[in-house]
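1. Just the structure for this:
(2 chains)
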Amino acid sequence: MPDQLPTAIAVSHLVKTFSGVTAVNDVSFTVGRGEIMGFLGPNGAGKSTTMRILTGYLPASSGRVSICGYPVTTQSEDIKRRVGYMPENNPLPEDMRVSEYLYYRGRLKEVARRKLGPRIDEVLEVCDLKRVRHKIIGQLSKGYRQRVGIAEAILAEPPVIIMDEPTIGLDPHQILIVRDLIAGLRGRMTVIISSHILPEIEMTCDRVLIINQGRIVAQGTPAALRREILGRSRYELVVACEKAVLEDALGLVDPALRVATLGEPDSDGFRAVTLTIEREDELGEPILQALLAKRMRVRALNRAHPTLEDVFLAATRRSWDVIDKR
Amino acid sequence: MKHFFTILSHEIRMLLVTPSTYIASVIFLSLMGFVFTDILETYSQAPQASSPADVFFKQFYLPVLFMVPLLTMKCLAEERRLGTIETLLTTPVTTTEVVLGKYGAAYALYAALWGSTAGFFWILRKFAGDARLLEWGPMVGGYIFIAVSGLLFIAIGVLASALSRNQAVASILCFAMLFGLIFGGSYLGDAAWLKSDLLHPVKAAVDYAQVFRHYEDFSRGVVDLRQLLFYLSGTVLALLFSILGVEAKLLHG
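-> Down below sits the predicted model:
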């Protein structure tokens, strides 16, 4: 039974070209059953195109995509029964009521008529839409519309849910609701979400995939990505000294300690410095002592906790460098 | 075709709750009402050779040119403009079901509007009671012609809507195609340059596609299989191109 496979989504060597322009270039990844994966990338990186191919809406130029064991190209009908999809910008009909819309979508998604009523009540409750169930969608605020889109995606209880920027345009309170909603799907449904709001991805996703210029530039858990891309530990320092003197002092602490960035000195001679090292243990105190022993003036020293944003910027910058060098 | 009826009933429902449907219906019924009154006035002044139904249905192009674009321009263009075609086609629904469902709903409304003009003849029968004014032949023939030609006209409207995401462009395109089909045939049929032997096959094709001549045959009670085939094959072709149009826009959009 393909539905029982441990891998929900398998993509291998996926390529999509639009009249000569390569939007997705040799992308391969897998998503396990019940996993939540975040899809990150700058605008035009190929996120939406990849998601559309996964849903069977767009055909791929080459490569292989299978969802719950069913290949997208030959069994797109089976795929469509197993995927709940919320496209970018969440398009909704303007002149329908929320409950009418969900009923129509439920019928199209082949939910049995008998089960549809209770299921609609359930998703309205989960998405906190009960108050607006009789309102016309065109008159709803952005936050409500976004939740109608999410309600529609989870309506037929598909094993795979794909959402393209589900939290865009929401206020912090609504983002919290959507985040809890997505987290509540963990283990039951496989979820892929793309987002620009990086803390969101970091908090909800088990795994992150960063894509740029149609290529995967990094993938793994947020913690693993941090280690891989930014080095294990980072220290931020504001100190008044010359580079050579600083390096001498740091060499005494640990020869592996590297100066990653060195800012220009300000009017008082202080400059911002970033240090990286592969060691995990705390080096703050030895560094400070070494600097003070050399009679350097120190204004600040702290161990940086890089966010996914730093990882994202570093990873995409790295891929730009690679592209520029070609 | 599991989802055809779901889409059809949804589309009919949406047509029934849209104000534009009622505006279009009022315009249609007033226009046809004026035409009918005008015909009756002519008949009350002097006896005429043909029956009022014959003259009435001969004006079919008036509502066709204005109503068909209005009824169909929204069906696929709006879905593409809003992007809802993407959510629609990522459910287990085929493009064919979507196009046929929308076509069916537009045709049902078109047929219902024309059907309501039967009220004019009922009023005439009730108040005039003159059997000479109410010949069954031209009336039934007229309605059959409207029903059969409507299949093609609405399919052309759906095709125009599949080709553009802008409703205004779709409606103008539909108007142009319908105008070409209805009047182009009779214009080319009279053209002298088509009468040469070399162009004989073209001339034969043009003669075959004379919408007004088809109407005359129908109103005389002649239901020619070739004419039925003309409308049915035209409908199938237009719908096929609509489906291909929607899918081509997905591939290259």
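2. The host helix or strand of B:Leu152: how far from the chain's middle?
-> The secondary structure element spanning B:Leu152 is helix B:136-163 (assigned by DSSP states H and E). Here the centre of helix B:136-163 is set off from its chain's centre by 4 Å, with C-alpha atoms, centre = their mean, to the nearest Å.
3. And that helix, what does it pack against?
-> In terms of contacts (3 or more C-beta pairs under 8 Å, 6 or more residues apart in numbering or on different chains; DSSP states H and E), helix B:136-163 is packed against helix B:52-58, helix B:61-82, helix B:95-116, helix B:167-190, helix B:211-219, helix B:225-252. For the C-beta atoms, the positions are set from N, CA and C on the backbone; glycine is no exception.
4. Does the last one reach chain A?
-> Yes - judged by C-beta under 8 Å from any C-beta of the partner chain, helix B:225-252 comes into contact with chain A through B:250-252.
5. in its sheet, what does whichever strand or helix holds A:Phe29 sit against?
-> Assigning secondary structure by DSSP H and E places A:Phe29 in strand A:21-32. Here strand A:21-32 is paired, per DSSP bridges, with strand A:7-18 (antiparallel).
6. Show me what the partner strand is in contact with.
-> For strand A:7-18, the external contacting residues (C-beta atoms under 8 Å, 6 or more residues apart in numbering or on different chains) are A:22-35, A:46, A:49-50, A:53-54, A:58, A:60-69, A:159-160, A:190, A:192, A:214, B:252.
7. List only those of those residues flagged as buried.
-> Restricting the contacts of strand A:7-18 to buried positions leaves A:23-25, A:27, A:29, A:31, A:33-35, A:46, A:49-50, A:53-54, A:58, A:60, A:63, A:65-69, A:159-160, A:190, A:192, A:214, with burial counted as 16 or more other C-beta atoms under 10 Å in any protein chain shown.
8. Filter these down to the ones in helices?
-> A:49-50, A:53-54 (DSSP state H).
9. Of these, which is the nearest to chain B?
-> Of all these, the one with the least separation from chain B (C-beta to the nearest C-beta) is A:Leu54, at 9.8 Å.
10. Spatially central residue in chain A, please.
-> Most central residue of chain A, judged by C-alpha distance to the mean C-alpha position with C-alpha atoms, centre = their mean, is A:Gly38 at 3.0 Å.
11. what's the distance between that residue and A:Ala151?
-> Using C-beta to C-beta, to the nearest Å, one gets 21 Å for the distance from A:Gly38 to A:Ala151.
12. ok, how many other residues are close to the residue in the stretch 1-150 of chain B that chain A sits nearest to?
-> Across the stretch 1-150 of chain B, no residue is closer to chain A than B:Gly83, which sits at 3.3 Å (C-beta to the nearest C-beta). Number of residues near B:Gly83 (other C-beta atoms under 10 Å in any protein chain shown) recorded here: 16.
13. tell me the SS of the residue nearest to the centre of chain A?
-> For A:Gly38, the secondary-structure state derived from DSSP: H, G, I helix; E, B strand; the rest coil is strand.
14. Run through the residues that contact it.
-> By C-beta under 8 Å, 6+ apart, A:Gly38 lies in contact with A:193-195, A:201-202, A:204-205, A:207-209.
15. cutoff 7 Å now
-> By C-beta atoms under 7 Å, 6 or more residues apart in numbering or on different chains, the residues touching A:Gly38 are A:193, A:195, A:201, A:205, A:208.
16. For it, give its distance to A:Gln219.
-> For A:Gly38 relative to A:Gln219 (C-beta to C-beta), the value is 10 Å.
17. which residues are common contacts for these two?
-> A:Val208.
18. which residues in chain A form helices?
-> Listed in chain order, the helices of chain A (DSSP H) span residues A:47-55, A:76-82, A:98-108, A:113-126, A:142-154, A:172-183, A:198-204, A:222-230, A:243-253, A:284-293, A:308-325.
19. Okay, angle between the third one and helix A:142-154 too, please.
-> Per axes from the mean of the first three to the mean of the last three C-alpha atoms, to 10 degrees, the angle that helix A:98-108 makes with helix A:142-154 is 20 degrees.
20. which other residues reach helix A:98-108?
-> Residues lying outside helix A:98-108 but in contact with it, judged by C-beta under 7 Å, 6+ apart, are A:93, A:116, A:119-120, A:123, A:129, A:132-135, A:137, A:148, A:151-152, A:155-156, B:3, B:6, B:10, B:91, B:93.
21. show me where pLDDT drops low in the stretch 101-250 of chain B?
-> Per-residue confidence for the stretch 101-250 of chain B (pLDDT under 70) gives these ranges: B:131-133.
22. ok and the residue in it nearest chain A?
-> Nearest to chain A in the stretch 101-250 of chain B, going by C-beta to the nearest C-beta, is B:Leu250, at a distance of 6.8 Å.
23. By average pLDDT, which secondary structure element in chain A comes out worst?
-> When the helices and strands of chain A are compared on mean pLDDT, DSSP states H and E, helix A:308-325 comes out lowest with a mean of 66.
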